[in-house]
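**Student:** The following block contains a protein sequence and its predicted model.
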Amino acid sequence: STVFNYADSVTYQSGAVVSKTIVKRDSGNITVFAFGKGQGLSEHSAPFDAVVQIIDGSAIIYIDKKPYEVNKGQTIIMPANVPHSVHSKTDFKMLLTMIK
């Protein structure tokens, strides 16, 4: 039981994607990511639903090739088994909750 700020748990690194796993359980994972401007994750799919909460900056998240602009304070659900990718418009941080 520790109080902390997700946004402060990872720092930006120019030209890189930084991640920190907060919770890792059989039932799911919670990971914080920091993306440098112009960085991203290539298209992939996962066998579980994933919830993305933007905690700083903005990004374009493609779900089944459809772009969604997401900004600080917004959330988007990436459905299981649907291809998705992430592209940073600015430096941005996100909280990824994977539900198994």
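**Tutor:** Cool, got the structure.

**Student:** just the strands in this structure please.
**Tutor:** 17-25, 28-35, 40-44, 49-56, 58-63, 66-71, 75-78, 84-88, 92-99 (DSSP state E).

**Student:** Give me the sheet partners of the second one and which way each runs.
**Tutor:** Right, strand 28-35. strand 17-25 (antiparallel), strand 92-99 (antiparallel) (DSSP bridges).

**Student:** The fifth one too?
**Tutor:** For strand 58-63, the paired strands and their directions (DSSP bridges) are strand 66-71 (antiparallel), strand 84-88 (antiparallel).

**Student:** Over to the shortest one?
**Tutor:** Pairing partners of strand 75-78, with direction, according to DSSP bridges: strand 49-56 (antiparallel).

**Student:** Go ahead and name everything in contact with the strand it pairs with.
**Tutor:** 6-7, 32, 61, 70-80, 86, 91-99 (CB atoms under 8 Å, 6 or more residues apart in numbering). All C-beta atoms are positioned from the backbone trio N, CA, C, and that covers glycine.

**Student:** Going by neighbour count, list what's buried in it.
**Tutor:** 49-50, 52-56 (16 or more other CB atoms under 10 Å).

**Student:** ok, now stretch 9-28?
**Tutor:** So, applying 16+ other CB under 10 Å, buried residues of stretch 9-28: 10, 12, 17, 22.

**Student:** Same question for stretch 31-38.
**Tutor:** 31-36.

**Student:** thinking again about what came up before, select, out of the strands paired with strand 58-63, the one closest to residue 41.
**Tutor:** Closest approach to residue 41 among those (CB to CB): strand 84-88, 4.4 Å.

**Student:** Residue 45 is in contact with residue 85, isn't it?
**Tutor:** No - with contacts counted by CB atoms under 8 Å, residue 45 stays clear of residue 85, the gap being 10.0 Å.

**Student:** Just want to know which of those two has more residues nearby.
**Tutor:** residue 85 (16 against 13; other CB atoms under 10 Å).

**Student:** ok, now how distant is residue 39 from residue 21?
**Tutor:** 19 Å (CB to CB, to the nearest Å).
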